[in-house]
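Asks: From the sequence below, what's the structure:
(2 chains)
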Amino acid sequence: MERQEIIKAVNSIFSSRFELEESELTEDKNLVEDLQLDSLDMVDMIVGLQQKFGIMLRDNKDIRNVRTLGDVYNLFEKLIEEHPEIVDKIK
Amino acid sequence: MTLLRSIAICSLTLLAALLYWVPLLPASALLLPLPAETRRHLARKLLLGFGLFTVRVAWRPFFRVRYSDRSGGAREPGIIAVNHRAATDAFLVSLPHLSAAQTVNGWPLRLPFIGWMAKFAGYLDITGWEYDKLKSRAAAILAHGDMILSYPEGTRSESKTMNPFHSGIFQVARELEVPVYMLCIAGNQHMPDRRFRFREFRDLSVRLLPPIPRDAVKRSASAYALRKEVFRIMESELAEMDDELERELRRSGAHGDAATASAPVPEARRDGTRKDAQGFFPAPPEIEESCR
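Replies: Got it, this is the predicted structure:
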């Protein structure tokens, strides 16, 4: 799966759940400082990503280190490399 | 001058507290045998009365507070989001005459007397409680016909610009499917500052906006999206209220202090547009009430 497709899938969650414009969603955006997500929004984000990619993220250690939108893209790039079957589950 | 102003208003506030609570305190003991939710409701009424008494009696010699109700009389139990510039907000929120439990950070609950009363009235500890406990307590309050009053900025901004909102209370509104009211308070950014100094006395404006109805709350994409919408509406309304206050100040020949003049100007004012609730929710007739 191309990085561009991952970006599109992740961004769709941010657009639908948080009503953020596509133009706001760039790799360097800090989730807390720039997009102003708080802890509750983070939970919402994780739930949305879990549903979109069909995987559980609750026990994933890397999700705790996510700071920017680029980190989210990188995390899913890594996850797809390790578990290629995810691609078939993306909704 | 600042010191004199601060001493004068703090003294009168304290005196108002004594005049109000000393006769009422023995009577409030009668609440003890009542069912918990009824007792809390009546305690909220007492706290509301104290707020009104302070604003209308103790502060009357110092400044004018103009309250306007644009909610169209909507009173379905719901969440009231209030902007938070200064400690005086805790009193000014009494002006809509709504019986409400406030959400508070843990520390005010630990204050002597007022903290005890707040606990007695079932105020919600938004930082100390788990989300599920917060939601279930909020549901009980709303079921009893009272409102939940919350400061989504979390702390005082001391400026005309609001701090970013937190999502928690908007998640509660979505899950309980209740309307969200918006109460805007303008003019008191330095009344007082964090060290409880009144750097100025000036007229204040308090305005209750048309609520976001429960259906719209239910339809919102997330707590984040709802919070963003509430922020946008309040930011726009506050910009207008601040403009009105400045114009009145200029007309009366007085001038705001340097800090006020240099306060950051919200986006809605800079681009000259007004993206407010009026197009979204039709404006009902306004009820104005002046406190002096």
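Asks: Could you use CA atoms for every contact and neighbour count after this?
Replies: Will do.
Asks: tell me the SS of B:Ile148?
Replies: Following DSSP: H, G, I helix; E, B strand; the rest coil, we place B:Ile148 in the strand state.
Asks: ok, how many other residues are close to it?
Replies: 25 (other Cα atoms under 10 Å in any protein chain shown).
Asks: Next: B:Phe113.
Replies: 10.
Asks: Give the residue spans of chain B that score low on pLDDT.
Replies: For chain B, the stretches with pLDDT under 70 are B:254-292.
Asks: Quick one: name the residues of it near chain A.
Replies: By Cα under 8 Å from any Cα of the partner chain, the part of chain B that sits against chain A consists of B:Pro164, B:His166, B:Ser167, B:Gly168, B:Ala221, B:Ser222, B:Ala223, B:Tyr224, B:Ala225.
Asks: In those, find the pair that's most separated.
Replies: B:Pro164 and B:Ala221 (18.8 Å; Cα to Cα).
Asks: those strands in chain A, which residues are they?
Replies: Using DSSP state E, no strands are assigned anywhere in chain A.
Asks: Could you list the low-pLDDT ranges of it?
Replies: Checking chain A against pLDDT under 70 turns up A:91.
Asks: how close does the residue nearest to the spatial centre of chain B get to chain A?
Replies: In chain B, the residue lying closest to the centroid (Cα atoms, centre = their mean) is B:Val93, at 3.8 Å. In this view, B:Val93 and chain A are 26 Å apart by Cα to the nearest Cα, to the nearest Å.
Asks: and the residues of chain B next to chain A as CSV, adding neighbour count and secondary structure?
Replies: Below are the residues of chain B next to chain A laid out as CSV (neighbours: other Cα atoms under 10 Å in any protein chain shown; DSSP: H, G, I helix; E, B strand; the rest coil):
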residue, neighbour count, secondary structure
B:Pro164, 18, coil
B:His166, 22, coil
B:Ser167, 23, coil
B:Gly168, 21, helix
B:Ala221, 16, coil
B:Ser222, 22, coil
B:Ala223, 26, helix
B:Tyr224, 26, helix
B:Ala225, 21, helix
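Asks: Nearest to chain A: which residue in the stretch 1-150 of chain B?
Replies: In the stretch 1-150 of chain B, no residue comes nearer to chain A than B:Tyr131, which is 9.5 Å away by Cα to the nearest Cα.
Asks: Please list all residues in contact with the residue lying closest to that residue once chain neighbours are set aside.
Replies: Leaving out its chain neighbours, the residue that sits closest to B:Tyr131 by Cα to Cα, 6 or more residues apart in numbering or on different chains is B:Gly168, at 8.0 Å. Residues in contact with B:Gly168, defined by Cα atoms under 8 Å, 6 or more residues apart in numbering or on different chains, are A:Leu40, B:Tyr131, B:Ala223.
Asks: Looking at those, which one is closest to B:Ala143?
Replies: For the contacts of B:Gly168, the residue nearest B:Ala143 by Cα to Cα is B:Tyr131; the value is 18.1 Å.
Asks: Show me how far the biggest strand by length in chain B is from its chain's centre.
Replies: Determined from DSSP E, the single longest strand within chain B is strand B:180-186. Here the centre of strand B:180-186 is set off from its chain's centre by 7 Å, with Cα atoms, centre = their mean, to the nearest Å.
Asks: Report how many residues lie close to residue 28.
Replies: Since no chain was named, I'll use chain A. The number of residues near A:Asp28, taken as other Cα under 10 Å, comes to 12.
Asks: um, chain B though
Replies: Using other Cα under 10 Å, B:Ser28 has 14 neighbouring residues.
Asks: Grab the nearest non-local neighbour of B:Met241.
Replies: Nearest non-adjacent residue to B:Met241 (Cα to Cα, 6+ apart): B:Ala186, at 6.3 Å.
Asks: Would you state the helices of the stretch 51-200 of chain B in chain order?
Replies: B:89-92, B:106-109, B:114-120, B:131-143, B:168-176 (DSSP state H, counting those that start in this stretch).
Asks: highest average neighbour count across these?
Replies: Neighbour counts (mean count of other Cα atoms under 10 Å in any protein chain shown) averaged over each of these peak at helix B:168-176, with a mean of 22.
Asks: Between helix B:131-143 and that one, find me the angle.
Replies: Orientation check (axes from the mean of the first three to the mean of the last three Cα atoms, to 10 degrees): helix B:168-176 against helix B:131-143 gives 70 degrees.
Asks: With only the CA atoms kept, save helix B:168-176 in PDB.
Replies: Included here for helix B:168-176 are C-alpha records, laid out as PDB according to Å, rounded to 0.1, in the frame of the first residue of the first chain:
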ATOM      1  CA  GLY B 168     -15.000  16.500  28.000                       C
ATOM      2  CA  ILE B 169     -18.300  18.400  28.600                       C
ATOM      3  CA  PHE B 170     -19.200  18.200  25.000                       C
ATOM      4  CA  GLN B 171     -18.800  14.500  25.000                       C
ATOM      5  CA  VAL B 172     -21.200  14.400  28.000                       C
ATOM      6  CA  ALA B 173     -23.700  16.600  26.000                       C
ATOM      7  CA  ARG B 174     -23.500  14.200  23.000                       C
ATOM      8  CA  GLU B 175     -23.900  11.100  25.000                       C
ATOM      9  CA  LEU B 176     -26.800  12.400  27.100                       C
END
